[in-house]
Each structure stands twice: as C-alpha cells, then as structure tokens.
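>>> coords below, sequence missing:
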C-alpha cells in the first residue's frame, strides 16, 4: 500500500478518531484478512500518538515473543542496555506499565498490539491473561487507547471480541476492515498516477480482488493483461505462489481450509454443506463447521440463501477473487512462457470464468447497485432462485434478486461483455420464461423488474424494450457506497 496516502476507509477513520477523542479508556479491535491494510490504517491515523507498538512473530515460541516484546520497550525507551527478558507475560505487561508511566506527552497515548494471534499462539504462555491484567489493573483508568489487531479474523472474534475471561465485554469499538471496493481501487490507482479505465480496473479486480498489498504491484503504463501477467505468472510475481502461503498464515490445520476452498472452486454457483462434505472429504461435524465459519469470517467464502428459505437451501460460495483465479489459471500454467496471460485471456475458459466472477463482483457491490437504482433507503433482502427442470417442466436459475419491502423484486441478469450487450429474440424469450417460472413457483404478487448489468450496458432494441426495466453499467459499480 502507498506509504503516504490513505485511500478511502472514511468510516474506519471516524471510529478511530472517536476513540482517540473520547473521555474514557478505549480498547479498539481491528480485524480483517491478511494484507488488507489494517496496520497501515492504524499507523496512518495514529502515527503521532503511538507510544508503544508490538507485532507478533509468526510461528515463534513464547520465549521469542517475550524477547521481542521487551526489545520493543527498550527501543521505544531508548534504553542504553537491553533489559532482562521476563519469564512470563504477566511480568512483561508489568514492564510495559512501568514504561508507559514514564511518558509525558500532550497527546493521548495509543498502545498498538499487531498480529495478536501470533503473540498469543502458545496458550499455555498466558498472553491473553497478561493483556487482561494490563487492561483491568491499569489501562482502563488511564487516558489511553489500546488497539488490538489480527489477520486471523475468526480467532480475533472467538478469543478476544467474545472472550469469556478478563477481556469479556472490554472491546469498546470494533472495525472489520474489508478489501477496497471498485471505487476505492480506482481512487488508489489515481493516487499513484495509474491511468487505467474502469474496464481494465475490473479485469484486474477480478484476478486479485481489492487487496491493497496486491494492487500496489500494478505499474503505470501497463494494461490489465500486462499487469496480471507480470504479477501472477512471471517468476518474480507476488501472486505466483501467494496461495500456498495465504491459508497456512491464517489458520491452524489449514489443509482443511484449502480442501474446502478447492471444492468450492469447482462449482461457482455454490455448494450445500452435503456437497462440500462429498467434495472435500471432511466429515460432517465440528471440524467442518469451524472451517466454514473461519473462512466466512475471514472473507474467503460467502453464504447465500435461496429465495424464501433462511435455513434450507443455504449455499456456500467461494468469493475470494485471487483464490478463484489461482485455482483456475495460475496453478496449472506457471511454466507456459512470458505471455501466458495474453494467451489464456483469449480462451473460452476465460470467458466462462469472467462471467461468473463479474457476477460475484456485482453481488459484492450491492450497496452501490442499490444507490444506482435509487433504492438505497429501501430495505431489501438479496437471494437466489433455482428450480430444477423436469421432462415436462422447464427449470430456471436466477443468481441474484433483491426482494424489496416496497413490494418490488429486482431480478438481475448479469453479463461480462467488452461492448454494449445485444439481446437476441431467443435470449429475450428465455428471460421472459425465467420470470414466469419464478412468479409461478413462488406465487409472489410483487412487481417484478428485470435489471440488466453489463460493463457497457445493454444496447436497446426491439427485444429488450418492454422487458428490461433498468440497465446498469460500470458507473453503478464504481459509486461510493
């Protein structure tokens, strides 16, 4: 991420500043997936207020974490000689308290614990007990903001946010930092003088998502195809082997998470729990529940419900762009030469993949779509619809619909096309059939509006007139939510 400019994150900045200016001690939890920009956000907002920062060391034992902890105190205090390393976390936090008491500043102090799950990896070492002692015995009565941060989102929620011990209900504010939206991605590129148009930005986003650490690899003067080729397929590309590092860095027993991700990648429309069990080889029990929960909380998979069903018909869908792109294209094409993506981007496999991925991208940008439809203030539930065909009856599938409280349902048709989409007579008839099947099956009495989304919209002709009520293009997806 750019070291001088903080893009977007307005709501998150407001939360951090409210904590800074409150009249009580604050403990702020910042969670979000690996490389989404958590540390950069905190350091950008609190740069001149941080009096102590410690970042956990991945896979390090408690002894090394304690050594690093005391080293960071010595460094902050400009200690002339190294301090003795305490033999437990309680003593370590006592040392921190003594150091913080010596600081005289006109500003409110901020203490920042980064990569908390790595600091507390050794349960027997008692890091969380030490942190509880630090907060309850001293910090809670001081003019201080304590920020805790971690990439293992599920761990942060289970062990800290929902802590049943000394940290129970101690979190005063919570930030779940998400990847950039398309609009934020465009602002980020502009801040770095990268002049890509929106179609090229979408192509890049579909390959690597809105992860700032990935997007910073894009260089000015390169097209989307060139950037993807350099970042994902070249020998020095950051994302060439990121998949193998991503899940082990986040989860214990990550083989199970990878098995689920690989299974979901084979069926883009999503899988039921039973289908995941069959495809991944993981039994139906607590392990699978934990894996699915961790993947969802960390933003790799999303849950979608069938229309009218809250429990039955629940589908798990892999929605992490990079994981999908890696499994579809990178993994099996690493040694195909310098212009690998130039070739692959012209194949039918790419056209099929881009259709599904653009659809997923639209679902992620529902707040922007609602704004474009002028229904941002209308309560609406998103879902999908599927009816299996029989020998005597047609089936139908609608991957996205918005059921609105104003007695309207938007049925979405989404296409990824490099120019305005032209609707044929056959296509229009199929669309009418899908709407009729949905209406007959659900027995809804709400007004149905077909809404068409494509990068460059829909070319009006005799087949679309009277059928499609709303047409959206890339401008809708790039709106600020």
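Okay, I see it. For clarity, every value in this text was computed on a predicted model and none was experimentally measured.
>>> Run through the strands of the stretch 51-200 of the chain in chain order.
109-114, 144-150, 173-176 (DSSP state E, counting those that start in this stretch).
>>> Mean neighbour count and mean pLDDT added to those strands, as CSV?
All C-beta spots, glycine's among them, are computed from the backbone N, C-alpha and C. Below are the strands of the stretch 51-200 of the chain laid out as CSV (neighbours: other CB atoms under 10 Å; pLDDT from 0 to 100):
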stretch, mean neighbour count, mean pLDDT
strand 109-114, 21, 96
strand 144-150, 25, 94
strand 173-176, 18, 92
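>>> okay if I get the ones you listed as JSON lines plus distance to residue 211?
Output for these, formatted as JSON lines (distance: least, CB to CB, whole Å):
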{"stretch": "strand 109-114", "distance to residue 211": "18"}
{"stretch": "strand 144-150", "distance to residue 211": "16"}
{"stretch": "strand 173-176", "distance to residue 211": "15"}
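>>> Looking at these, which is nearest to residue 366?
strand 173-176 (16.9 Å; CB to CB).
>>> mind checking how far the closest one is from the chain centre?
14 Å (CA atoms, centre = their mean, to the nearest Å).
>>> Residues touching it, excluding its own?
12, 15-16, 18-19, 26-32, 153, 161 (CB atoms under 8 Å, 6 or more residues apart in numbering).
>>> Give me the most central residue, this structure.
residue 299 (4.2 Å; CA atoms, centre = their mean).
>>> Not counting sequence-adjacent ones, nearest residue to that one?
Closest residue in space to residue 299, ignoring its immediate chain neighbours: residue 33 at 4.9 Å, by CB to CB, 6 or more residues apart in numbering.
>>> Which residues are in contact with that neighbour?
Shown in contact with residue 33 (CB under 8 Å, 6+ apart): 151, 153, 179, 211, 250, 298, 299, 300.
>>> what does the domain assignment say about the protein?
Per automatic domain parsing, the structural domains of the chain span 10-176, 182-240+334-359, 245-326, 377-477.
>>> and the contacts of strand 173-176, which are buried?
Neighbour-count burial (16 or more other CB atoms under 10 Å) applied to the contacts of strand 173-176 gives 12, 15-16, 19, 26-32, 153, 161.
>>> wait, residue 414 sits on residue 356?
No. With contact defined as CB atoms under 8 Å, residue 414 does not reach residue 356; the gap is 9.6 Å.
>>> Report the two of the contacts of strand 173-176 separated the most.
Going by CB to CB, the pair spanning the contacts of strand 173-176 furthest: 18 and 153, at 22.4 Å.
>>> Report the buried residues of stretch 91-107.
Neighbour-count burial for stretch 91-107, with 16+ other CB under 10 Å as criterion, is recorded at 92, 93, 94, 95, 96, 99, 100.
>>> Pipe these into a markdown table and attach distance to residue 387 per row.
Below are those laid out as a markdown table (distance: CB to CB, whole Å):
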| residue | distance to residue 387 |
| --- | --- |
| 92 | 60 |
| 93 | 59 |
| 94 | 65 |
| 95 | 65 |
| 96 | 61 |
| 99 | 65 |
| 100 | 63 |
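>>> and which of those residues is nearest residue 327?
Using CB to CB, residue 92 comes nearest to residue 327 of the buried residues of stretch 91-107, at 42.1 Å.
>>> circling back to that earlier point, of all the domains of the chain, which one is nearest residue 371?
For residue 371, the closest of the domains of the chain is domain 377-477, at 7.7 Å, according to CB to CB.
>>> before we move on, the earlier item: out of the contacts of residue 33, list just those in helices.
Using DSSP state H, the members of the contacts of residue 33 that fall within helices are residue 153.
>>> which of the contacts of residue 33 has the weakest pLDDT?
Lowest-confidence member of the contacts of residue 33: residue 153, scoring 74 (pLDDT).
>>> Low-confidence regions, this protein specifically.
Along the chain, segments meeting pLDDT under 70 span 1-4, 124, 163-166, 168, 310-313, 337, 481.
>>> how does it look with 50?
Along the chain, segments meeting pLDDT under 50 span 1-3.
>>> List the single closest residue to residue 200 in space, sequence neighbours excluded.
Closest residue to residue 200 in three dimensions, ignoring its sequence neighbours and counting by CB to CB, 6+ apart: residue 224, at 4.0 Å.
>>> Give me the phi and psi for residue 36.
phi -90, psi -10 (degrees, to the nearest 10).
>>> for residue 404, that is, sorry about that
Per-residue torsions, residue 404: phi -100, psi 150 (degrees, to the nearest 10).
>>> Can you show me the helices along the stretch 51-200 of the chain?
Per DSSP state H, counting those that start in this stretch, the stretch 51-200 of the chain carries helices over the ranges 62-77, 89-101, 116-119, 127-137, 153-155, 182-191, 198-208.
>>> Which one of these lies nearest to residue 465?
Nearest to residue 465 among those is helix 198-208; the distance by CB to CB comes to 26.0 Å.
>>> Of the contacts of strand 173-176, which belong to strands?
If you go by DSSP state E, those have 26, 27, 28, 29, 30, 31 in strands.
>>> Quick one: residues contacting residue 107.
Residues in contact with residue 107 (CB under 8 Å, 6+ apart) are 48, 49.
>>> heads up, I number from 551, so please use that
Sure, I'll start counting at 551 from here, so that last one is residue 657.
>>> Can you get me a residue count around residue 938?
Per other CB atoms under 10 Å, the neighbour tally for residue 938 reads 8.
>>> In this structure it contacts residue 945, no?
Yes. Between residue 938 and residue 945 there is a contact under CB under 8 Å: 5.1 Å.
>>> ok so, going back, distance to residue 918 for the domains of the chain - can I get that in CSV?
As requested, the domains of the chain are exported to CSV (distance: least, CB to CB, whole Å):
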stretch, distance to residue 918
domain 560-726, 15
domain 732-790+884-909, 7
domain 795-876, 16
domain 927-1027, 6
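>>> Tabulate the ones in strands among the contacts of strand 723-726 (JSON lines), appending distance to residue 873.
Shown next, in JSON lines, are these (distance: CB to CB, whole Å):
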{"residue": "576", "distance to residue 873": "35"}
{"residue": "577", "distance to residue 873": "32"}
{"residue": "578", "distance to residue 873": "29"}
{"residue": "579", "distance to residue 873": "25"}
{"residue": "580", "distance to residue 873": "23"}
{"residue": "581", "distance to residue 873": "19"}
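>>> which of those lies closest to residue 719?
Checking these against residue 719 with CB to CB, the nearest one is residue 577 at 10.1 Å.
>>> count of residues packed around residue 557?
21.
>>> Could you pull up the residues touching the nearest residue to it once chain neighbours are set aside?
Take residue 557 and drop its neighbours on the chain: the residue closest to it by CB to CB, 6+ apart is residue 738, 4.6 Å away. Counting by CB under 8 Å, 6+ apart, residue 738 makes contact with 552, 557, 558, 730, 762, 765.
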